[in-house]
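Novice: task: produce atomic coordinates for the following.
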Amino acid sequence: FCVAFVRLLISFSALRVVFCFVLFSAIELLLYCMHPPLHIKQHPHCSSQIQALLDCHSGNPLLKFTGICNDAKTHLDLCFKSEKLLKLAANKTKVAREKAAFLSIKAAKQREKDEKA
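Specialist: Residues are numbered from 1 along each chain as shown. Next up, the predicted model:
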């Protein structure tokens with residue numbers, strides 16, 4: 001009886017370990033490892049990194065959950081970060097041009113108002 005009870009406890013603890021591993025892996029995948037949709041048309045600068053990650057995922061359908069594609073994912077994250085910085089810089093210059101145009105129009109209207117008064 002004692003041996004059967006010990007075997008039962010071992011099987012439960014093994015199942016518990018597997019369950020916890022799967023649960024925490026799923027939580028980590030959802031919270032920390034997600035990336036934007038991988039459309040090459042939306043991210044032309046990162047097309048090679050996207051293709052590398054997609055190839056890794058399609059070539060390793062089960063091992064991708066164990067971290068075999070982490071290098072490709074890291075390169076993709078770095079590419080997305082540089083792409084975001086490029087977009088931010090372009091947006092910053094665009095906003096500066098628009099602000100200068102707005103202020104010049106505002107100053108012209110103020111001058112017209114001062115001349116009439």
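Novice: hey, let's count contacts and neighbours off CA atoms from now on
Specialist: Noted.
Novice: what's the first helix or strand after the lowest-mean-pLDDT helix or strand in the chain?
Specialist: Here the helix or strand of the chain ranked lowest by mean pLDDT, DSSP states H and E is helix 2-32, holding a mean of 57. Later in the chain than helix 2-32, the nearest helix or strand by DSSP states H and E is helix 47-59.
Novice: who's in contact with that following helix?
Specialist: 38-40, 64, 69, 72-73, 75-76, 79 (C-alpha atoms under 8 Å, 6 or more residues apart in numbering).
Novice: which SSE is immediately downstream of that helix?
Specialist: Using DSSP H and E, the next helix or strand after helix 47-59 towards the C-terminus is helix 70-116.
Novice: coming back round to it: now, which of the contacts of helix 47-59 sits nearest residue 86?
Specialist: Among the contacts of helix 47-59, residue 79 lies closest to residue 86 (C-alpha to C-alpha), at 10.6 Å.
Novice: so who does the closest one touch?
Specialist: Listed by C-alpha under 8 Å, 6+ apart, the contact set of residue 79 reads 45-46, 49.
Novice: okay, now the unreliable bits of this structure?
Specialist: Of all residues in the chain, those with pLDDT under 70 make up the ranges 1-36.
Novice: can you do 80?
Specialist: By pLDDT under 80, the low-scoring segments of the chain are 1-39, 64, 117.
Novice: in JSON lines, list the contacts of residue 79 along with neighbour count and distance to residue 86.
Specialist: Listed next are the contacts of residue 79 as JSON lines, based on neighbours: other C-alpha atoms under 10 Å; distance: C-alpha to C-alpha, whole Å:
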{"residue": "45", "neighbour count": "14", "distance to residue 86": "10"}
{"residue": "46", "neighbour count": "21", "distance to residue 86": "13"}
{"residue": "49", "neighbour count": "21", "distance to residue 86": "17"}
